[in-house]
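[1] Sequence below, structure please.
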Amino acid sequence: MELGGRHGVNPLIFAGIYVGAIPFFFASVYWAVQNHRKKKALVLPLTCTGFFFCSAYLYLVFFGRDLPWYVYAVVLGVAGAGGVRLYRQMRTRLSA
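    Got it, this is the predicted structure:
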């Protein structure tokens, strides 16, 4: 909690966004799969999926003050690895 106060990031808000985005993330994945099956546009559902995937990290980046460089490196690493995994998972689901 002390680090959160020093850097302008409330850990409870971060955790709330992280956990609270989970149902919206899965709903947007479902929406994308349904749109693909109906041959509708995928841009909006996939954009929402990406947003909900990284929403907690966006909070950290936008509201954090004087964060060490390695925090940004970790956020980029987690987002990058998760993005690759999400891309592969969506490609598999959409090809089925």
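[2] In this structure, what helix or strand scores lowest on average pLDDT?
    Of all helical and strand segments in the chain, the minimum by mean pLDDT, DSSP states H and E falls on helix 2-7, at a mean of 65.
[3] Can you name the element that comes right after that one?
    Following helix 2-7 in sequence order, the next helix or strand is helix 11-37 (DSSP states H and E).
[4] what about Trp53, how many residues close to it?
    If you look again at residue 53, you'll see it is Phe, not Trp. 21 (other CB atoms under 10 Å). Every residue, glycine included, has its C-beta placed from N, CA and C.
[5] ditto for Gln89
    Neighbours of Gln89 using other CB under 10 Å come to 11.
[6] pLDDT score for it?
    Listed pLDDT for Gln89 reads 82.
[7] Which helix or which strand is home to it?
    helix 69-95.
[8] Can you give the distance of that helix from its chain's centre?
    9 Å (CA atoms, centre = their mean, to the nearest Å).
[9] What are the buried residues along it?
    Across helix 69-95, burial judged by 16 or more other CB atoms under 10 Å covers 75, 79, 86, 90.
[10] what does stretch 15-23 give?
    Those would be 17, 21, for stretch 15-23 by 16+ other CB under 10 Å.
[11] What average pLDDT does it get?
    96.
[12] Contacts for that stretch next, please.
    By CB atoms under 8 Å, 6 or more residues apart in numbering, the surrounding residues in contact with stretch 15-23 are 52-53, 55-56, 59.
[13] ok, now with 7 Å
    52, 55-56, 59 (CB atoms under 7 Å, 6 or more residues apart in numbering).
[14] Over to stretch 60-79?
    By CB under 7 Å, 6+ apart, the list of residues contacting stretch 60-79 reads 7-9, 14, 54, 57.
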